[in-house]
Structure formats: C-alpha cells, structure tokens
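**Student:** Quick one, what's the 3D model for this:
(one chain, ligands or ions: 1)
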Amino acid sequence: MTAQLFTGAEMVVKALSALEVKYVFGYPGGSVLDIYDAIFQQDDFEHILVRHEQAATHMADGYTRATGEVGVVLATSGPGATNCVTGIATAYMDSIPMVILAGQVATTLIGDDAFQETDIVGCTRPIVKHSFNCRNLEDIPNIIAKAFYIAKTGRPGPVVVELPKDLLIPQNKGEYQITTDVKMRSYNPSVKGHIKQIRKAVKTINEAKKLVVYSGGGIVIANASELLTELVEKLDAPCTNTLMGLGGLSGTHKNFIGMLGMHGSLEANKAMANADVILALGARFDDRVTNNVKKFCPDATIIHVDIDPTSISKTINAHVPIVGLVDIVIQQILDELQAVDYSPNKDTLNAWWQQVNEWRAVKSNSYSTDGDKIKPQQVVEAMYRITKGEAYVCSDVGQHQMFAAQYYPFAKPRQWINSGGLGTMGFGLPAAMGVKLAFPDSHVICITGDGSIQMNIQELSTCLQYNLPVVIVTLNNRSLGMVRQWQDMVYGGRHSSSYMESLPDFIKLAESYGHVGIKIDNLDELDEKLEQAFAIKKRLVFVDVLVDEKEHVYPMQIRHGAIDEMWIKKGVQA
Ligand SMILES: Cc1ncc(C[n+]2csc(CCOP(=O)(O)OP(=O)(O)O)c2C)c(N)n1
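**Tutor:** Have a look, this model is predicted:
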C-alpha cells in the first residue's frame, strides 16, 4: 500500500494540530496562501486575522504569558515577516516561548531580490533562541515539532521557521511523519542544580543575618510560585519581585516588600543594598534593577539560580552560581533545609525585619492628591477595588505601566502582563486580546497611555471580529508621560517632542470600530464610571481617563547611583 502524500502546506497544518495548537495569529500573503488554504479546510485550531503582523506577535505573546502554552504566529514573506521583528524581540527579551512561521520566496529565487524576499532568519538572528530554514518538504513536520520543543524548554524564547513557497504548493507532495516527543542530542538544558552548590547555598543562607529573596520572571515562567512562597515562609525572609516577577509571591503576602529597581519601593531597594545574602531566583540582575553595577550591593554574598548559564555572572558576579530549572532548584533547597533541620535565628531575623519595617514606614509608594485632578494612581487603585484584584492586567510602556505595577498588587503569577525587557509601546492591546481569548470569562484590562495605545489601535477592529471585550483604560495625560518626566528631571524641563498636539477623540474612535467609549474627566465620577465600564461584559469598553498631566512616577532611582539611591517625591531624596 502506498503512503498518503501531503503538500508542505498540509503538513504545516497537520503538525500544528498534532502539537495541539488552539490558535494561530497571523496575516496572509502570497508566499503562505497555500497554508491559508489548508487552514480553511481544517477545524482543529482557529486562525485569528490581525490587522498588523506586529500585533499577531504580541497577541500570541499575551496568550502565552497567561497560559504557558507556546504562541504561534504566521506571516507572509518580506513585509509580513519584518513586521514581526519587534514582537519577536519583545518575546526574546522576556524569555517567552513562541514559534513564528514565516513565508519565504521559492528556494529557486532565494538570493535574487525576488518580490517580497527578505532574509528573515538573518534579520532576526540576534533576537531568536533558534531558527530553521526549511529546504525539504518532508522535514517540515519535525522542524515544527523541534521549534516548539526548543521554544519551551530550557530558557524559553522565540523560534523562527522559514517556509519557502515551493515547499508548500500543491505540485509538491511528500510523506508526513512527525515525532512530537522530541529528543535532541545536541540540546539538553540542565534541570537539576548541582548538589554541592545546593549545599553551599543552604550553608550561606544559614549563616545570613540579612537575607533577601530577589525573584524574577523565571518564577512565573517556571510555574514556581507555590514553591517560592513555601521557601519564603520557611526562611521568613523579605522577598522582592522584579517587574517581570510580580505575582510570583503575592503582592499582599506579609513578606513581600514590593518591586525593586528603577521604580521599585524604597524598602525593596534598601533591603537589597543592605543585605548580607541575596538569593536570586529566576532573575537576571538587569540594569533597571541594579542601577550602577559598580555600587551594587557591596556586602552581599550572591546566590544566583538561573536556567541559563550565560545569565549567571553576566552583570553581577555570583558567589554561589546554580544552573537549573528554578522550580526544581527551589525544591532541592527546601529538601536540603529540611535535611539540616534549618530554622531562622529569631533574634537576627527580628532585627532585620525591624530595619526593613522602618524603610517600609516611609511609604515610598504614596502620592499626594491635588484638588479635583484625577491622579493616575487613583485610577489603578479604583480598578483594583472594582475587579477585587482578580483581573488580568496587560500594560503598554510608560508611566501608566509603572503605576499599574505599583498600585495593583498581583496575587497570582501570570496576572500581570507587560513588556519588561524590550519595553515595547504597542504591546498592551494585542497582548490583552491574546489573554481574553484564553480566559473569556475573566476581566482583562489593558492599562495604556495616549501614546502607546495609538501604536496598535487598528486592532480594535480585530476585537470586534472575534468578540474580545477587553477593557482598555487610557491614563490620558496628553503627552508621552515617561519621556516628559525624564525631560522634567534631567533635561531642564525642555519638552522636546513629548507632547502630542493632536489626539483623536478616543470615544468616537472606539465607537467607530463598533465598541463602547466612556470618558472620565471628573474625579467625582471616577468610581461610578469605572464600575459601569466593568459591568459591560459583552462589549469592548474604551475608557479614556483624563489624568493629571504633571504627575511623575516615584520612587525613582537616581541615575548612576546605587540601587537604593532614590527620589521618593519631587525633589526629595531618600
Ligand atoms: C516602540 C517604542 N517607542 C518609543 C519608546 C520610548 N518610550 C518609553 S515610554 C514612552 C512614552 C509613553 O507614552 P504613553 O504611552 O502616553 O504613556 P505615559 O508615559 O504617558 O503613561 C516612550 C516614547 C518605547 N518604549 N517604545
């Protein structure tokens, strides 16, 4: 009996079904029309037609951050593929697993400057975990399976698969074979920490007098939140989360001392600066945390747990490096603590907490009200109350992002979705759409700015087509607020190109896309109108809140200073 033969396009679709993909986010074009035709003829997954390929990448990314499943993007060759670049870089910087299927001109035309030819593998090489050029039609299924495996194992990241047109067309057929249980001899990321290093870490923890747990996005990605909580409670240590790690330890946990870094709390940054031992879990000491690396935590012995060996001692030297999956390593640490019958020394621990609580008492995350002006922080606090702290919150980039991080204490991991590493304006709305697809019955908020929302506003149209009733809340300060803040603080108040002198009427714009628009320009109406917005469950609501345009985000690290050198109010240093 002869085997059934399939086109490359059919193989792409069959492979995605075999890998149990539920959604593909994409946009058609010449080189991938055969794939679109094969998609039309199947029911295993849904294709979401975006309005711009960048949005497809962010939508896949938001879906992935909320669910942990690999996000899938499909784009045509040339401009379709290059439109994905920002989204690929965004995913790469935050270690998000994603597979990007990019069309390519026929293999016979590659290198000829053919119509819509771009070397997308070359273009994206520095911002992918791996990439594949398919050159043989029968390799397609296993290449896709490997792409998924590489994307989600070890330190996750985006993988590009380039698919030339002649491998997809009906004239070429081959046998379909796929191994979804991938094993690769050349790629075997470590999972367990070395036992000698675990013992060293526990000995260091045991001798600590001022221990801080510094946890990052790795905790969220590895679903290690419960283990982190168990460890923090066992050590009874103060714990700070990075911007990417928020929700890893609940924002309302008694040991949580706030976010650290550039706009972190005073107590988090002070605790880090004064710690004698820092236990870094799935965090990478990036420059938005450390501030001046030369002044970084001089007295601390650093235990650094990371799945990626190249992350360890990259910016800050680790005294006890441990390579492994953070959930497995935390379990190993817990086992070893048990084995040595660990319990914290009450006197030293009390003295340390007393000090931390003194920093806490400064209440660095506070703001002053100003007559009837709506403060952006008040808007975030009101949303926290109304959604009982249970919403998925996606943000764009700017002041609003920091207010969201500071004033919406996330109880759970994967609840807070933002572009931390690349800081991509335009991320928020499509990311929220990806989350809403996954969790249609939850509140999904996109907190954004009047600048950021305009970077992917065309996706309001996709929201209507696929019925994605997210709540968009624009903290509208009539400016590129974060840029304006820097110009106020560093550039003598010269507001060079930070004011948009024409803004659309967002309410009319939302309505023209078929949605509901609500404007809030009066503090007295803030709660009532927000409640009204969140009560509308079946339609997208665009809430345009006119906030105080002069507000700054505090606390804020002083440039080139130590981690704990901070402005805590306008003109006031800690
Ligand atoms: C794509 C992109 N371009 C430029 C920037 C630089 N940038 C960072 S924050 C910011 C201002 C954001 O303004 P808005 O979205 O209105 O938010 P706000 O700061 O006012 O809350 C800019 C321009 C960026 N992060 N991303």
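**Student:** tell me the SS of the residue nearest to Asp37 when sequence neighbours are not counted?
**Tutor:** Of all residues beyond its chain neighbours, the one nearest Asp37 is Ala9 (6.7 Å), with distances taken as Cβ to Cβ, 6 or more residues apart in numbering. Where you see a C-beta, it was placed from the backbone N, CA and C, and this is true even at glycine. Following DSSP: H, G, I helix; E, B strand; the rest coil, the label given to Ala9 is helix.
**Student:** Enumerate every residue touching Ala9.
**Tutor:** Asp34, Ile35, Asp37, Ala38, Leu168, Ile169 (Cβ atoms under 8 Å, 6 or more residues apart in numbering).
**Student:** Which pLDDT does the model give it?
**Tutor:** Per-residue pLDDT puts Ala9 at 98.
**Student:** Against Tyr27, how distant is it?
**Tutor:** 16 Å (Cβ to Cβ, to the nearest Å).
**Student:** cool, Arg125 as well?
**Tutor:** On the measure of Cβ to Cβ, Arg125 and Tyr27 end up 23 Å apart.
**Student:** now do Tyr408
**Tutor:** Counting by Cβ to Cβ - Tyr408 and Tyr27 are separated by 32 Å.
**Student:** Same question for Thr107.
**Tutor:** Taken as Cβ to Cβ, the span from Thr107 to Tyr27 is 23 Å.
**Student:** Now the residue of the stretch 101-250 of the chain at minimum distance from the ligand. Nearest residue, chain neighbours left out?
**Tutor:** The ligand sits closest to Leu243 of the stretch 101-250 of the chain, with a gap of 13.6 Å, by Cβ to the nearest ligand atom. Spatially, and ignoring its direct neighbours in sequence, Leu243 is nearest to Gly420 (4.7 Å; Cβ to Cβ, 6+ apart).
**Student:** Pull the number of nearby residues for the one you found.
**Tutor:** 24 (other Cβ atoms under 10 Å).
**Student:** And Leu509, by the same measure?
**Tutor:** When neighbours are counted by other Cβ under 10 Å, Leu509 registers 18.
**Student:** got it, and Val553?
**Tutor:** Neighbours of Val553 (other Cβ under 10 Å): 22.
**Student:** residue contacts, it?
**Tutor:** Residues in contact with Val553 (Cβ under 8 Å, 6+ apart) are His263, Gln399, Met402, Phe403, Gln406, Met482, Gln485.
**Student:** Out of these, which are close to the ligand?
**Tutor:** Gln399, Met482 (Cβ under 6 Å from any ligand atom).
**Student:** So which of the contacts of Val553 sit within helices?
**Tutor:** Counted as lying in helices by DSSP state H, out of those, are Gln399, Met402, Phe403, Gln406, Met482, Gln485.
**Student:** out of those residues, which one sits closest to Lys200?
**Tutor:** Gln406 (35.5 Å; Cβ to Cβ).
**Student:** Next, work out how far apart the closest residue in space to the closest one that isn't next to it in sequence and Lys569 are.
**Tutor:** Beyond its immediate neighbours in the sequence, the residue positioned closest to Gln406 (Cβ to Cβ, 6+ apart) is Asn365, lying 5.3 Å away. Distance from Asn365 to Lys569, counting by Cβ to Cβ: 11 Å.
**Student:** Quick one: residues in contact with stretch 457-469.
**Tutor:** 48-52, 55, 59, 429-430, 433, 436-437, 470, 509-510, 513-515, 536-542.
**Student:** quick revisit: with neighbour numbers in mind, choose between Arg125 and Tyr27.
**Tutor:** Tyr27 (23 against 12).
**Student:** Partner strands of the strand or helix carrying Cys394, with direction?
**Tutor:** Assessed by DSSP states H and E, Cys394 sits inside strand 392-395. Within its sheet, and counting by DSSP bridges, strand 392-395 is paired with strand 416-417 (parallel), strand 444-448 (parallel).
**Student:** Helix 399-407 and the last one, what's the angle between them?
**Tutor:** Using axes from the mean of the first three to the mean of the last three Cα atoms, to 10 degrees, one finds that strand 444-448 and helix 399-407 are set 130 degrees apart in direction.
**Student:** The helix or strand following strand 444-448: which residues count as buried?
**Tutor:** Using DSSP H and E, the helix or strand that directly follows strand 444-448 along the chain is helix 460-465. Buried residues in helix 460-465, defined by neighbour count with 16 or more other Cβ atoms under 10 Å: Leu460, Thr462, Cys463.
**Student:** before we move on, what about stretch 44-63?
**Tutor:** 45, 47-48, 50-63.
**Student:** same thing with stretch 101-111?
**Tutor:** Leu101, Ala102, Gly103, Gln104, Val105, Ala106, Ile110.
**Student:** again with stretch 122-142
**Tutor:** Here stretch 122-142 shows 123-124, 127-129, 131-134, 137-142 as buried, counting by 16+ other Cβ under 10 Å.
**Student:** closest to Arg199 among the buried residues of stretch 101-111?
**Tutor:** Leu101 (45.4 Å).
**Student:** In contact with that closest one, which residues?
**Tutor:** Val12, Gly26, Val32, Ile35, Val72, Val73, Leu74, Ala75, Ile144, Val161, Leu163.
**Student:** what's near enough to touch the residue nearest to Leu243?
**Tutor:** Met93, Asp94, Gly217, Thr242, Leu243, Met244, Arg288.
**Student:** and these, which are buried?
**Tutor:** Met93, Asp94, Gly217, Thr242, Leu243, Met244, Arg288.
**Student:** just to revisit the earlier point, now for the strands paired with strand 392-395, which one comes closest to the ligand?
**Tutor:** Using Cβ to the nearest ligand atom, those put strand 444-448 closest to the ligand, at 6.3 Å.
**Student:** quick one: contacts of the closest one?
**Tutor:** 380, 383, 387, 391-396, 400-401, 403-404, 428-429, 431-432, 435-436, 453, 470-475.
**Student:** do that again at 6 Å, thanks
**Tutor:** Residues from elsewhere that reach strand 444-448 (Cβ atoms under 6 Å, 6 or more residues apart in numbering): 391-396, 400, 404, 428-429, 432, 435-436, 470-474.
**Student:** Please list which of the residues you listed also come close to the ligand.
**Tutor:** Asp396, His400.
**Student:** can you confirm Trp567 is in a strand?
**Tutor:** Yes: under three-state DSSP, Trp567 sits within a strand.
**Student:** Run a quick neighbour tally on it.
**Tutor:** Quick note: Trp567 (other Cβ under 10 Å) scores 19 neighbours.
**Student:** Might one say that it is in contact with Met556?
**Tutor:** Yes: counting by Cβ atoms under 6 Å, Trp567 does reach Met556; the two are 4.8 Å apart.
**Student:** helix or strand for Ala382, which one?
**Tutor:** Assessed by DSSP H and E, Ala382 sits inside helix 376-386.
**Student:** Show me what that helix is packed against.
**Tutor:** helix 399-407, helix 526-535 (3 or more Cβ pairs under 6 Å, 6 or more residues apart in numbering; DSSP states H and E).
**Student:** got those as TSV, with mean neighbour count and mean pLDDT columns?
**Tutor:** Converted to TSV, those look like this (neighbours: other Cβ atoms under 10 Å; pLDDT from 0 to 100):
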stretch	mean neighbour count	mean pLDDT
helix 399-407	26	98
helix 526-535	17	98
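**Student:** Next to the ligand, which bits of the stretch 301-450 of the chain? Give me the list.
**Tutor:** Asp396, Val397, Gly398, Gln399, His400, Gly423, Thr424, Met425, Gly426, Gly449, Asp450.
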